[in-house]
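Visitor: pasting the structure only:
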């Protein structure tokens with residue numbers, strides 16, 4: 001693997017974890033939103049990643065992280081009887097998102113640490129390159 005590919009690989013990881021942090025922020029921002037129907041209720045979202053593979057060199061297969069998309073959670077929404085709520089439907093029910101705050105906090109910590117790890121990879125590679133250049137002095 002060339003030294004410059006390290007930067008590309010780490011950058012793709014940082015980009016993926018940044019998207020993951022943004023989806024966590026979106027989920028957390030909507031945790032208390034309510035609506036009067038299942039269709040209008042916010043559903044938790046999660047990014048889907050895959051490894052980018054180098055088709056040209058089987059000895060060096062992994063070259064980064066690819067974002068395949070963002071999917072909505074299939075977990076059931078919470079239905080609550082609140083006939084006096086302004087958003088209650090005809091039967092008196094409101095619907096709350098399927099966002100699990102504990103799960104989102106764990107995702108946030110994991111994404112943050114993964115991002116930090118990729119930053120450390122970039123910093124270490126940069127230091128190694130500088131040290132290699134100084135060998136000729």
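Guide: That came in fine, so what should we check first? Model, not experiment: these values are computed from the prediction.
Visitor: going by C-alpha atoms from here, please, whenever you check contacts or count neighbours.
Guide: OK.
Visitor: how many neighbours does residue 40 have?
Guide: Neighbourhood size, residue 40 [other CA atoms under 10 Å]: 11.
Visitor: give me phi/psi at it?
Guide: With angles defined as degrees, to the nearest 10, residue 40 sits at phi -90, psi -10.
Visitor: against residue 105, how distant is it?
Guide: Here the criterion is CA to CA, to the nearest Å. By it, residue 40 lies 25 Å from residue 105.
Visitor: need the strands for this protein, in chain order.
Guide: Remark: strands assigned in the chain by DSSP state E are 45-53, 62-72, 78-81, 93-96.
Visitor: winner for burial among those strands?
Guide: Mean neighbours per residue, mean count of other CA atoms under 10 Å, is largest over these for strand 93-96, with a mean of 22.
Visitor: contacts for that strand?
Guide: Strand 93-96 is contacted from outside by 31-38, 41-42, 77-83, 85, 87-88, using CA atoms under 8 Å, 6 or more residues apart in numbering.
Visitor: type out the ChimeraX command that picks the buried ones from these.
Guide: The following ChimeraX line selects those of the contacts of strand 93-96 that are buried, judged by 16 or more other CA atoms under 10 Å:
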select :31,34,35,36,38,41,42,77,79,87,88
